[in-house]
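> Show me the folded form of this:
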Amino acid sequence: MDTSSTTYLNTEIGTLVLEFKCGVLCSLSIERKDIAKDSLNPVNYTDSGSSIENTVKQLKEYFSKSSNFRKIDLSPAGTVFQQTVWQALQEIPRGETRTYGQIAKKINSSARAVGNACRKNPIAIIIPCHRVVAANGMGGYAGETEGDQLMVKKWLLKHEGADF
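Below is the predicted model:
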């Protein structure tokens, strides 16, 4: 049986929209802060210790004290190349950054291709594309180089203690 669910978590950077399939996180996106909480209809989970409950708990801990993520079951949809980039992103320690070029060198690719894979990252924050910066500055976030999304990237880096 295919069981899909969506749950929401209000945070300092906006509302996180978490989509699960069979209890595995497939998508985590950030909605604008001005979306009304009443319109969200959050899903209530009843299984104590479920992977959904575990994911929400770890995200709450992350936002309260910038803790590291422990084991969260992820299933991001993407190409083999995107999966390779996303795996490399998960190896960047909290509080540190890497350039698109450094990631590209590590996986034998190009900085532009890495940037495109970061833009397609379906599980923001947990797959930390915000930790990837340009060689000469902040770079973009979620396909934007200014505005709300870039403010989210700056907030996440500051929250994690990155020197940037």
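> Which parts of this protein are strands?
4-11, 14-21, 24-31, 98-99, 132-133 (DSSP state E).
> Specify the stretch among those strands that is closest to Val56.
Nearest to Val56, of all these, is strand 4-11, at 6.0 Å by C-beta to C-beta. Using the backbone N, CA and C atoms, a C-beta is placed for each residue, glycine as well.
> what sits against Glu12?
Residues near Glu12 by C-beta atoms under 8 Å, 6 or more residues apart in numbering: 63, 155.
> tally of neighbours for Ala104?
Ala104 has 20 neighbours, counted by other C-beta atoms under 10 Å.
> just to revisit the earlier point, would you turn the strands of the chain into JSON lines with mean pLDDT, distance to Lys65 and mean neighbour count?
JSON lines is the format used below for those (pLDDT from 0 to 100; distance: least, C-beta to C-beta, whole Å; neighbours: other C-beta atoms under 10 Å):
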{"stretch": "strand 4-11", "mean pLDDT": "93", "distance to Lys65": "13", "mean neighbour count": "15"}
{"stretch": "strand 14-21", "mean pLDDT": "95", "distance to Lys65": "17", "mean neighbour count": "19"}
{"stretch": "strand 24-31", "mean pLDDT": "94", "distance to Lys65": "19", "mean neighbour count": "18"}
{"stretch": "strand 98-99", "mean pLDDT": "97", "distance to Lys65": "23", "mean neighbour count": "18"}
{"stretch": "strand 132-133", "mean pLDDT": "96", "distance to Lys65": "23", "mean neighbour count": "24"}
